[in-house]
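Sequence plus the predicted model coming up.
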Amino acid sequence: MKKHILSLTLGSLLVSTLSAEDDGFYMSAGYQIGEAAQMVKNTKGIQDLSDRYESLNNLLTRYSTLNTLIKLSADPSAINGVRNDLGASAKNLIGDKANSPAYQAVLLAINAAVGFWNVVGYVTQCGGNANGTKSTSSTTIFNNEPGYRSTSITCSLNGYTPGYYGPMSIENFKKLNEAYQILQTALKTGLPALKENNGTVNVTYTYTCSGEGNNNCDVPKEHGNGGIKTETQTIDGKIVNTTISSKVVNST
């Protein structure tokens, strides 16, 4: 009997509290509680009441959230605040370095590319003379590269024609070397924010050549003993000045 009275009291209390809101939704919810309270006659009834109350609580939470959103949608200042927040977030993506996930993703990708080259650079087999021709005793050394226990990579695989089944040609290695030097220089000088698509990157790298018939260092055609060549190109809106210094040395 006490259990029945307690349940009825609980139901009546909830009904009176919810009815005070003068809202059809709350009235309906109150009747659900009252109905559940009337069913409390055993343990199963108590469990049923608990389940209904939990369901009601979830509905009330959703209703309250919906009311809040409706009120915010009618408030111009709230809308402007959200719009400003979104605008600030968008600006941070391309205008900030420390707090921009996009900037960090680009930086990670560039570091990964450089790191990958650091791993495989020194095991790359390369050789030959200019224009992909087979060499007999040529050695071409690219400086400032992650070589095996050194800071240079030596291309000296002779006796094979560069290509798919042979060593990497010097021409192709020059392209990889240039890309590596540009990325490395950009990382050292510090990458600007993504929105800054202007500026200048100055890149300088050198390589030396030795061996009979080695014509890989003939950068300017008018200089038989190597020389200096400066190239200017635009990459993604940025000016890249590349200074290539090559030199022919005597074989030892």
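Nice, thanks for sending it over. Numbers count the residues shown, from 1 in each chain.

how many neighbours does Gly184 have?
Wrong residue type there; residue 184 is Gln, not Gly. Gln184 has 19 neighbouring residues, counting by other C-beta atoms under 10 Å. Every residue, glycine included, has its C-beta placed from N, CA and C.

What score does it have for pLDDT?
Gln184 is assigned a pLDDT of 84 by the prediction.

what do you get for the one 10 residues further on?
pLDDT, the model's per-residue confidence, is 69 for Leu194.

Equivalent analysis for Cys209, please.
So Cys209 comes in at 90 (pLDDT).

Spatially nearest residue to it (excluding sequence neighbours)?
Cys217 (3.7 Å; C-beta to C-beta, 6 or more residues apart in numbering).

Look at the one you found and say how many residues are nearby.
Cys217: 24 neighbours (other C-beta under 10 Å).

do you know how far it is from Ile228?
11 Å (C-beta to C-beta, to the nearest Å).

before we move on, what about Thr243?
For Thr243, the distance to Ile228 - C-beta to C-beta - is 7 Å.

swap in Lys134?
Counting by C-beta to C-beta, the gap from Lys134 to Ile228 is 28 Å.

between the two, who's got more neighbours?
Ranked by neighbour count (other C-beta under 10 Å), Lys134 and Ile228 place Lys134 first, with 17 against 14.

doesn't Gly163 make contact with that one?
No: assessed by C-beta atoms under 8 Å, Lys134 is found out of contact with Gly163, at 9.9 Å.

now Ser152, nearest residue through space, not along the chain?
In space, Ser152 is closest to Asn143, 4.9 Å off (C-beta to C-beta, 6+ apart).

What does the one you found show for phi and psi?
Per-residue torsions, Asn143: phi -80, psi 160 (degrees, to the nearest 10).

Check Thr140 too.
Dihedral angles (degrees, to the nearest 10) for Thr140: phi -120, psi 120.

I'd like to know how many residues surround it.
26.

so it bridges to which residues?
Cys155, Cys209 (DSSP bridges).

Next one: it relative to Leu187, how far apart?
25 Å.

How about Val249?
Counting by C-beta to C-beta, the gap from Val249 to Leu187 is 30 Å.

Confirm Ile153 sits in a helix?
No: counting by DSSP: H, G, I helix; E, B strand; the rest coil, one finds Ile153 to be strand, located in no helix.

Number the chain from 42, please
In the new numbering, first residue 42, that becomes Ile194.

Can you verify my assumption that it contacts Gln166?
No: counting by C-beta under 8 Å, Ile194 stays clear of Gln166, with 10.6 Å between them.

So between the two, which is more surrounded?
Ile194 (24 against 12).

what's near enough to touch that one?
Gly162, Tyr163, Thr165, Cys167, Ile182, Phe183, Glu186, Pro187, Gly188, Phe214, Asn218 (C-beta atoms under 8 Å, 6 or more residues apart in numbering).

for Thr177, same thing?
Here Thr177 is in contact with Asn199, Gly200, Gly252, Glu253, Gly254 (C-beta under 8 Å, 6+ apart).

ok, so what distance separates it from Met209?
Distance, Thr177 to Met209, by C-beta to C-beta: 18 Å.

Ala146 too?
30 Å.

same question, Leu224
Taken as C-beta to C-beta, the span from Leu224 to Met209 is 19 Å.

Check Tyr248 too.
14 Å.

Could you check which of those two is surrounded by more residues?
More crowded of Tyr248 and Met209, by other C-beta under 10 Å: Tyr248, with 25 against 17.

Once you drop chain neighbours, what's closest to that one?
In space, Tyr248 is closest to Phe183, 4.6 Å off (C-beta to C-beta, 6+ apart).

and if you look at Asn152?
Using C-beta to C-beta, 6+ apart, the nearest residue to Asn152 is Leu228, at 7.1 Å.
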